[in-house]
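[1] below are the sequence and a predicted model for it; my questions follow.
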Amino acid sequence: MQPLRTAVIVALTVAGMLTVRQWVGEPIFIASESMAPTLTKGHHLFLDKVTYKFRRPGRGELLAFRSPVGEAHESVKRVIAVGGDTVELRRKKVYINGQPLYENYTQHTRAGEVLAGDDLGPLAVPHGTLFLLGDNRDNSNDSASWKAPADGQPLYFLPLTEVTGKVRGIY
């Protein structure tokens, strides 16, 4: 009888863990330098899957999402603008609704180069979408550089339906 009891306890524990991972939260790690200096390659984080079931992401928050350009992995970026905002990039500087955005978290590893996405807009962010950027602006695949796989057209906005969770503390 003891082996059966042990098997039931193990099965219930695994089922509980899988449920928590699917609906509540899960560990993730950063696999690139696109969020440096805030998050560097190899950081381990907790992904909160509950918060955005009750509210929408806000400006400045870090979140994980499924790629809108067909990449097989999830990514982590910072919310720069939300639906209803107007966003513009001028010489690598971000403006929200005509006002410069104070960003003490950004890094420009190629500051002297003019890159695609350094000058954009103004763009009106549609409701139900987000404009996301990596903190390492010159080394990030994000709203400033995404292209639709089908036709190569710019794809500036991430639908809220692709958000998988809010990035929480480092462990």
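    Perfect, thanks for sending it.
[2] quick one: contacts for P57?
    63, 79, 82, 130, 160, 163, 166 (C-beta atoms under 8 Å, 6 or more residues apart in numbering). Where C-beta positions appear, they are placed from N, C-alpha and C, glycine not excepted.
[3] run through the bridge partners of the residue lying closest to L62 once chain neighbours are set aside.
    Spatially, and ignoring its direct neighbours in sequence, L62 is nearest to V167 (4.0 Å; C-beta to C-beta, 6 or more residues apart in numbering). With DSSP bridges as the criterion, V167 is bridged to L47.
[4] with V163 instead?
    F65.
[5] the closest residue to T38 other than its chain neighbours: neighbour count?
    Among residues not flanking T38 along the chain, D135 sits closest, at 4.7 Å (C-beta to C-beta, 6+ apart). By the criterion of other C-beta atoms under 10 Å, D135 has 22 neighbours.
[6] where along this structure do the strands fall?
    Taking DSSP state E as the criterion, the chain carries its strands at 25-29, 44-48, 62-66, 74-82, 86-90, 93-96, 99-100, 120-124, 129-133, 158-159, 163-170.
[7] check which helices and strands the second one is in contact with.
    It stands for strand 44-48. Contact analysis of strand 44-48 by 3 or more C-beta pairs under 8 Å, 6 or more residues apart in numbering; DSSP states H and E lists strand 25-29, strand 163-170 as its packing neighbours.
[8] how about 10 Å then?
    Other helices and strands packing on strand 44-48, by 3 or more C-beta pairs under 10 Å, 6 or more residues apart in numbering; DSSP states H and E, are strand 25-29, strand 62-66, strand 74-82, strand 163-170.
[9] can you flag the weakest of these by average pLDDT?
    Looking at these, the lowest mean pLDDT belongs to strand 25-29 (a mean of 81).
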